[in-house]
Every structure is written in C-alpha cells, then in structure tokens.
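S.K.: sequence and predicted model, in that order:
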Amino acid sequence: MTVQPFNPTPRTLMGPGPSDVHPQVLQALGKPTIGHLDPQFVAMMDEVKALTQYAFQTENPFTIVVSAPGSAGMETCFVNLVEPGDKVIVCRNGVFGERMRQNVVRVGGEAVMVDDAWGTPVSVEKVEAALKANPDAKFLAFVHAETSTGALSDAKALCALAQQHEVLSIVDAVTSLSGVELKVDEWGIDAIYSGSQKCLSCVPGLAPVSFSAKAVAKLEARQTPVPSWFLDQTLVMGYWSGTGKRSYHHTAPVNSLYAMHEALRLLKAEGLENAWARHRAMHEQLKSGLELLGLDFVVDEASRLPQLNAVYIPQGVDDAAVRSALLERFNLEIGAGLGDLAGKAWRIGLMGHAAREENVLLCLAALREVLNG
Ligand SMILES: *Cc1c(COP(=O)(O)O)cnc(C)c1O
C-alpha cells in the first residue's frame, strides 16, 4: 500500500479551538528550521518574550512560552507553585475549573471548592466568603473565560480579593487572552497561562505563561523539588532568561515558535484594544443572526464571552447531524457541548483570525440552511 501525502480540506474553524490560523502564521511554520541555540533563533525568542509580555500586559521578567499545549500551561502553574499541604481555593463553573482541582490534588494540595452553576460567572461574593473562611489559604485559582460554557468571570475583582487576602492568584486565560480585556500587571495577577490556538490564532501546542515576582518568590522558596522534571521552571528559566545565559533544557519547537512570533506580531500590529473590539463587534453581529434563527444563549448577556457563543440546541434537532452537515456541506466546524452541556448546546467560536465578518455570515447562512433545509 502506498500512503498518500496528507491533504486536509481547508475548514473554517468556529469551534472552541483550534481557531482559523492566519495564512501568514502558516507560512512562518514553513521557514527553514535552524538550531534552537542559533543566535538568530535566540534573538527571535527575545521578541517572542517581549510580544508575550505585551499580549498579557505585563512587565514580568518571568514570561515564557511553554513547549506544550494550554493544559501544560495549567500544569506549569500548579506543579511549580502549589506544594504538598498548600490550600487552594478553586472556582468551578465548568470543565476547566474541575481540571484545576485535579491539578491541585495531584500535587498534594488541598482544594477548597467554590462552585457556581454552569453558564454563570464565578461569584465574587462566594469567593470573598471562602477567603474569609480559609485564612490559611495560599492561592485562589479560577478560569477567566470558561470555554465549556461561554461565561466570562470578573478577573479584576477576583484578583483584587486575592491581593486583599494575601493569597496568590492563578488564572486560566487560555480562551480570554487577546479576545477580551486582560491586564496582568494592573489587575495584580500572580500566575497566568494561555494557549496558542484560541484567540491568538496560532497552531496548537504552545502555552504562554507569566509569573509575578511574588509567584517566582514562592517557587524559589519551595521546600520540595518541583514534581515534574519537564515543567520545572527553575530548570527552564535559564533557557528563557536572555542572551548569553541560554542553555539546553529541551529542544524548543522551533517552527511552532516561528508561528507564535508571527501570530503575536500580527496582534501587536492590530493592537490589543482593537482585537478586543473586533471580537466584540463580530459577536454582536453573530448574536443578532443567531437570535433571528431562534437560538437562545446559555449565558446571560452581562457575562457572555464574545469569542465563545454557547447556544442551546433547539428541541427535536439532531446535534451530531447538524454539525456533520455543516462540516460536509460548508467545511464549517462548530463545537459540540462539553460536560453538562454535551448534546444540549453548540459552542460557536469567534476566536482570533476566525472573528471576521465573512465567517459570521458563512456561519449564519450555513446554520439557516441546515436547520431549515
Ligand atoms: C482549551 C482550554 C484549555 C486547554 O488547552 P489545550 O491547549 O487544549 O491543552 C484550558 N483551559 C481553557 C479555559 C481552555 O479553553
């Protein structure tokens, strides 16, 4: 049997990620691979770091891109910062808050849960009560943009509470980064992670991470070694620490980082505020169209994510049949429901390069065709 080269059909990606990758980002991937300690590559990494600081709105010197997907960004925060016995207040209003809890438990931490209904934001009042009831807590962990439901939580207010109660904040910004307002330094976020394939519209497999000075101090004061060798940031720090000091830890995913450089460069050229406004405008346009089709949103208007639109599947409509018709007839991918919303909702992403008028119009026309046709 002769195996043919793999030629995927181009799709329009309007699910929960990966999102449409900008053609320039795809082109960057195909540039010649050079050594990851080559001075040219090292200089490019310095730009990636500066651009990542821009995207996060931080001056944290500890700002890196982990060579693995968003989940590894999550794990990087928990394995490095949470020590056995540390109490962590974990907010859970969807799939990813539950993953945070599992991370805490696996490193021997104690998770104190603050639960909110799926589709609602994290309750600031409940978090305040939990912080008061647990004066020995060391961390507050929450998801800024819950991709499983489309709910946006008030990261600014939550991080202010964390500071007031002198706990470190750990924030999941996988879906929020560059899709909605996010200001790491201004809001006093201590540890934050994201992913390359959501609103940054890069290829999957990279995780931007940033630690504040307080988080770095907690890491440096650890009593026990970091339980993961690969994610141990005390080892990786030297690699990212700037010209001259770079040493081998693992082979950087060279071409993927070219793609990241280009994705971040495009973001900087557009301007963060403009990117946030574009996501908002495309969401408004999609929302009007979805409402005309009679589809109801899972999340209340006040806490709806522009980049992740969860809508209930109408009564009597076959979830899987609609999604496969969209894929087969229109090369359009939308997301299925996850966890509690499996089979009950669709998740329509407007992430990064996918947040464009032509995508909104395609999605609305295709849905209308499939639902009424
Ligand atoms: C996608 C996502 C993750 C996991 O990222 P991967 O790149 O799939 O590992 C974590 N948290 C949130 C909120 C996400 O949307």
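M.R.: Ah, there it is. Just so we're clear, the structure is a prediction, and the values are computed from it rather than from any experiment. Residues are numbered from 1 along each chain as shown.
S.K.: next, the contact list for the residue lying closest to residue 199 once chain neighbours are set aside, please.
M.R.: In this structure, residue 199 finds its nearest non-sequential neighbour in residue 179, 3.7 Å apart by Cβ to Cβ, 6 or more residues apart in numbering. From N, CA and C alone the C-beta is placed, and that goes for glycine too. With contact taken as Cβ atoms under 8 Å, 6 or more residues apart in numbering, residue 179 is in contact with 145, 198, 199, 275, 276, 279, 305, 306, 307, 351, 352, 355.
S.K.: residue 303 is in contact with the first one, correct?
M.R.: No: counting by Cβ atoms under 8 Å, no contact exists between residue 145 and residue 303, whose distance comes to 10.1 Å.
S.K.: coming back round to it: out of the contacts of residue 179, who has the most neighbours?
M.R.: The most crowded member of those, judged by other Cβ atoms under 10 Å, is residue 199 (36 neighbours).
S.K.: tell me the secondary structure for it?
M.R.: coil (DSSP: H, G, I helix; E, B strand; the rest coil).
S.K.: okay, now the domains of this structure?
M.R.: Taking automatic domain parsing as the reference, the chain has its domains at 12-18+271-372, 23-268.
S.K.: ok so, going back, just say helix, strand or coil for the residue nearest to residue 199.
M.R.: Going by three-state DSSP: residue 179 is coil.
S.K.: and the gap between it and the ligand?
M.R.: Residue 179 sits 11 Å away from the ligand, going by Cβ to the nearest ligand atom, to the nearest Å.
S.K.: got the residues of the stretch 101-250 of the chain near the ligand?
M.R.: Residues of the stretch 101-250 of the chain lying near the ligand by Cβ under 6 Å from any ligand atom: 143, 147, 172, 174, 175, 195, 204.
S.K.: hmm, 5 Å instead?
M.R.: When proximity is defined by Cβ under 5 Å from any ligand atom, the stretch 101-250 of the chain lies next to the ligand at 147, 172, 174, 175, 195.
S.K.: tell me which of these fall in strands.
M.R.: Cross-referencing those against strands under DSSP state E gives residue 172.
S.K.: any of the residues of the stretch 101-250 of the chain next to the ligand buried? List them.
M.R.: Buried by 16 or more other Cβ atoms under 10 Å: 147, 172, 174, 175, 195, out of these.
S.K.: can you lay out those as JSON lines showing pLDDT and distance to residue 27?
M.R.: What follows is those, written out as JSON lines (pLDDT from 0 to 100; distance: Cβ to Cβ, whole Å):
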{"residue": "147", "pLDDT": "97", "distance to residue 27": "28"}
{"residue": "172", "pLDDT": "98", "distance to residue 27": "30"}
{"residue": "174", "pLDDT": "98", "distance to residue 27": "25"}
{"residue": "175", "pLDDT": "98", "distance to residue 27": "25"}
{"residue": "195", "pLDDT": "98", "distance to residue 27": "21"}
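S.K.: what is in contact with residue 145 and residue 303 at once?
M.R.: The contact sets of residue 145 and residue 303 overlap at 151, 152, 153 (Cβ under 8 Å, 6+ apart).
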